[in-house]
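Enquirer: sequence first, predicted model second:
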Amino acid sequence: METHIFETVEEMGAAAAESGAKDLRGKDGASIIVATGASQFSVLENLRQKDLPWQTMTGFHLDEYIDLPIEHDASFRKYLWQRFVSQLPIPMSAFHFLDGEKDPAEECDRVGSVISNHPIDVAFVGIGENGHLAFNDPPADFETESPYLVVDLDDACRQQQLGEGWFPDFESVPRQAISMSIRQIMKSRTIICSVPDERKAEAVKAALQGPVTPEVPASILQEHPDCRMFLDQAAASLL
């Protein structure tokens, strides 16, 4: 696993976006996964400015809350549309959003059937304060072959969403979400994992230097053949 450490979040985001873009330049028909959350602001801002064959590319949504209206500030569909999809210099061939307001099982099947026909070239992901990967909270399911699944969000995950300012109080944070599965993420040819902030330092240390275990879902990245970690100094402070 490559690990790169930067002084600032802005430098981290720029380097992560450029690393992924190098694998996408000149490649028609590529498919990508993009993540959301505060940790991805800089990555997506830089990525959307890259000169890439967007018009031939397909994008996939990593996770989404169940029963959260798209108008809500915490909606990941809203986040991705405002911060990435609508800001691209050329519209993508397709971007497959997860709609958490629809029947969750049917939505998992719908987007799962699409991604099964699109090998992923680059996945842009992050790591949660509890070590989660997407919304696969500990203990994560390392075995399911389903591309997407319905998951329960643990209290640590919900507290992170509250702490980042997405919700007014803890009870407002949804208890369930649709998440891309661990095995589906691991099928990506390249994984670009960007993690800023000291509050994630414990999770980063456990994921990079601890055992591979469902109790630290992101630890599975140690087994990926081309995973590139991008950290700011605060997130890397315990390494």
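Expert: Noted; the coordinates are in hand. Numbers count the residues shown, from 1 in each chain.

Enquirer: for residue 202, see how far away the closest residue in space to residue 207 that isn't next to it in sequence is.
Expert: The shortest distance from residue 207 to any residue other than its chain neighbours is 3.9 Å, reached at residue 218 (Cβ to Cβ, 6 or more residues apart in numbering). In short, each C-beta sits where N, CA and C put it, glycine included. Residue 218 is 12 Å from residue 202, where distance means Cβ to Cβ, to the nearest Å.

Enquirer: what about those two, which has more around it?
Expert: Between residue 218 and residue 202, counted using other Cβ atoms under 10 Å, the more crowded position is residue 218 (32 against 16).

Enquirer: in this structure the more buried one contacts residue 131, no?
Expert: Yes. With contacts counted by Cβ atoms under 8 Å, residue 218 reaches residue 131, the gap being 5.2 Å.

Enquirer: now do the shared contacts for the two.
Expert: 203, 207 (Cβ atoms under 8 Å, 6 or more residues apart in numbering).

Enquirer: how about the helix-or-strand element of the chain with minimal mean pLDDT: buried residues?
Expert: Within the chain, no helix or strand scores below helix 155-163, which has a mean of 88 by mean pLDDT, DSSP states H and E. When neighbours are counted by 16 or more other Cβ atoms under 10 Å, the buried residues of helix 155-163 are found to be 157, 158, 160, 161, 162.

Enquirer: would you mind giving those residues as a markdown table with distance to residue 238 added?
Expert: Converted to a markdown table, these look like this (distance: Cβ to Cβ, whole Å):
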| residue | distance to residue 238 |
| --- | --- |
| 157 | 20 |
| 158 | 24 |
| 160 | 18 |
| 161 | 23 |
| 162 | 24 |
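
Enquirer: wait, which of those is closest to residue 100?
Expert: Among the buried residues of helix 155-163, residue 161 lies closest to residue 100 (Cβ to Cβ), at 13.9 Å.

Enquirer: just give me the neighbour total for the nearest residue in space to that closest one that is not next to it in sequence.
Expert: Leaving aside its sequence neighbours, residue 161 sits nearest to residue 173 (Cβ to Cβ, 6+ apart; 5.1 Å). Residues near residue 173, counting by other Cβ under 10 Å, number 20.

Enquirer: and residue 144, how close does it get to residue 150?
Expert: From residue 144 over to residue 150 (counting by Cβ to Cβ), the distance is 11 Å.

Enquirer: got a list of contacts for the longest helix along the chain?
Expert: In the chain, taking DSSP state H as the definition, the longest helix is helix 9-22. Here helix 9-22 makes contact (Cβ under 8 Å, 6+ apart) with 4, 6, 32, 41-47, 50, 52, 122, 124, 190, 192, 194, 196-197, 228, 230-232.

Enquirer: can you show me the strands along this structure?
Expert: With DSSP state E as the criterion, the chain has strands at 2-6, 31-34, 58-61, 63-65, 94-96, 122-125, 148-152, 176-180, 190-195, 227-232.

Enquirer: give me the contacts around the last one.
Expert: With Cβ under 8 Å, 6+ apart as the test, strand 227-232 has contacts from 1-9, 11-13, 15-16, 19, 190-197, 204, 208, 221, 239.
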